[in-house]
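[1] Compute the structure for the input listed below.
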Amino acid sequence: MAKSNMDRDILSVFYSEEQIHARIQELGDQIYDKFHDKNPLFVGVLKGCFLFMADIIRACQIKCEIEFIAVSSYGSAFQSSGNVQITRDLGQDITGRDLIVVEDILDSGNTLYFLRGYFLAKGAKSVTIVTLFDKPERREKPIKADYIGFDVPNEFIVGYGLDYRQQYRNLPYVGVLKPEIYTEE
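    Here you go, the predicted model:
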């Protein structure tokens, strides 16, 4: 196991690296079954999706293209402001395309609700949402993912792309962040 100075900030491990990879392979197989005869465009929502995006497209061996979009609704805050802003838009036309939107966590739903409407308004044929983690207790918008890795309780989790103030994304597992880390201010 790699050395880490972040482990001391983790209260408990929620999902191990092995559990995450096994579930991603299951999701990849499910996505393959639906899209094997299409050429979907995987759209990763930066920054949190980057690990999951890489793993899900490898787990789903279909002809596809990839693209990224960056949005912000949190800034450096602990909770979403609800105001979603695009900070990096798509670089290609999506008219008539089947999109598979890859997100690390579906929490309030503000971002994915906004993006679904945005992509459909830009002419996407379909928008399929895949999220590694779903936190339904915190939902503010009427949106559901089509593919979900794990349901998680209302805990502050980090790792495997999930962050607190841009840190902890590189943990290979997902853990609960100690409350004293995010309540020190």
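[2] what ranges do the strands span in this protein?
    10-15, 41-46, 65-72, 85-88, 98-106, 126-134, 147-151, 157-158, 174-177 (DSSP state E).
[3] How about Phe68, nearest residue that isn't a chain neighbour?
    Excluding the flanking residues, the one nearest Phe68 by Cβ to Cβ, 6 or more residues apart in numbering is Gly44, at 4.7 Å. Backbone N, C-alpha and C define where each C-beta goes, glycine included.
[4] So that neighbour versus Ala70, what's the distance?
    Separation of Gly44 from Ala70 (Cβ to Cβ, to the nearest Å): 9 Å.
[5] Is it correct that the residue nearest to Phe68 is in contact with Glu67?
    Yes. Between Gly44 and Glu67 there is a contact under Cβ atoms under 8 Å: 7.4 Å.
[6] of those two, who's got more company?
    Taking neighbours as other Cβ atoms under 10 Å, Gly44 and Glu67 compare with Gly44 leading, 24 against 15.
[7] give the contact list for that one.
    Contact criterion Cβ atoms under 8 Å, 6 or more residues apart in numbering gives 50, 53, 66-69, 102 as the residues in contact with Gly44.
[8] which of those has the most neighbours?
    Val102 (26 neighbours).
[9] Just the CA trace of stretch 171-185, in CSV.
    Only the C-alpha atoms of stretch 171-185 are listed here, as CSV (Å, rounded to 0.1, in the frame of the first residue of the first chain):
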residue,chain,number,x,y,z
LEU,A,171,-7.1,8.4,-2.0
PRO,A,172,-7.6,5.0,-3.6
TYR,A,173,-10.6,4.3,-1.3
VAL,A,174,-13.5,6.3,-0.1
GLY,A,175,-13.6,7.3,3.6
VAL,A,176,-15.5,9.5,6.0
LEU,A,177,-13.6,12.7,6.7
LYS,A,178,-13.1,13.5,10.4
PRO,A,179,-15.5,16.3,11.3
GLU,A,180,-12.7,18.4,12.9
ILE,A,181,-11.1,18.7,9.5
TYR,A,182,-14.1,20.6,7.9
THR,A,183,-15.3,22.4,11.0
GLU,A,184,-12.0,24.0,12.1
GLU,A,185,-12.9,27.3,10.5
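[10] With that, I have no additional questions.
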